[in-house]
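Undergrad: Build me a model from this:
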Amino acid sequence: MKPKNALKKLEPLFRAPSFTSKEASKRGVSSATLAYYVNQNELIRIGHGVYRTAHVPMVDDFRWEELAEAVQRAKDGVICLTSALYFYHLTEEMPSQYWIAIRHGTVHRVAPPVKVVRMRNLNLGKTTIKIGNIKLPIFDRERTIVDAFRYLGRETALKALKAALTKKGAERIDIEKIRKYAKKLRVKIEPFLIAMTI
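TA: Residues are numbered from 1 along each chain as shown. Here you go, the predicted model:
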């Protein structure tokens, strides 16, 4: 017989986008009980030892729900490259994969449609976005553009830079920040910046 109050014990964890079996255990709820509630469609298992309640949509916009789950499955994962470009409206390419940056040496079970990129510096340009009721880690526009020159084709990177330079207001990019990131990550972007800003 499963304890009737197990879900009550978990309720404080439901405020976060996800919780771990370790967090549940601290509240007196075992892994077996979590598995029971997954079978009862009360909980959703989104990764190894990672759960969320089934009754609150993770995000309001279904386009981002799978991306949100992909980021949460990856330890210290950050939305990057094509996924970030798409979010910032800097590419017309609809990503067929969810691009997530993780640290070198991090063990991660990759399952399509997730594309994992191992990077040394996950703090440079890291920010958060709010989608629905959750916050997700993502690289800012400037870091995303620099990374496009590092990991994606030159054509994609140049299109993203060109699109970014046309943005106004809150979406306006900081060219000096791009230069700073490029120097730190050893990416030769200056000739392209000069050509597009004169």
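Undergrad: got the domain boundaries for this structure?
TA: Partitioning the chain according to automatic domain parsing yields domains covering residues 6-53, 62-197.
Undergrad: what's the offset of the last one from the middle of its chain?
TA: Spelled out, it's domain 62-197. In terms of CA atoms, centre = their mean, to the nearest Å, the centre of domain 62-197 is found 9 Å from the chain centre.
Undergrad: Now do that domain, average pLDDT.
TA: Mean pLDDT, taken over the full extent of domain 62-197, equals 89.
Undergrad: Likewise for the first one?
TA: When the per-residue pLDDT values of domain 6-53 are averaged, the result is 85.
Undergrad: can you tell me the distance between the two ends of that domain?
TA: Domain 6-53 has an end-to-end distance of 13 Å (criterion: CA to CA, to the nearest Å).
Undergrad: Likewise for stretch 94-112?
TA: End-to-end distance for stretch 94-112, by CA to CA: 16 Å.
Undergrad: Please enumerate the strands of the chain.
TA: When assigned using DSSP state E, the strands of the chain occupy the ranges 19-20, 43-47, 50-53, 78-79, 98-103, 114-119, 126-131, 134-139.
Undergrad: what about the most centrally placed residue in the chain, distance to S31?
TA: The C-alpha lying nearest the average C-alpha coordinate of the chain belongs to I79 (CA atoms, centre = their mean; 3.1 Å). Applying CB to CB, to the nearest Å, the value for I79 to S31 is 29 Å. Bear in mind the C-beta positions are built from the backbone N, C-alpha and C, glycine included.
Undergrad: With L161 instead?
TA: Between L161 and S31 the distance, using CB to CB, works out to 48 Å.
Undergrad: residues contacting the nearest residue to K75 once chain neighbours are set aside?
TA: Take K75 and drop its neighbours on the chain: the residue closest to it by CB to CB, 6 or more residues apart in numbering is T106, 5.6 Å away. For T106, the contact set (CB atoms under 8 Å, 6 or more residues apart in numbering) comprises 74-76, 118.
Undergrad: Most neighbours out of those, which is it?
TA: The most crowded member of the contacts of T106, judged by other CB atoms under 10 Å, is A74 (22 neighbours).
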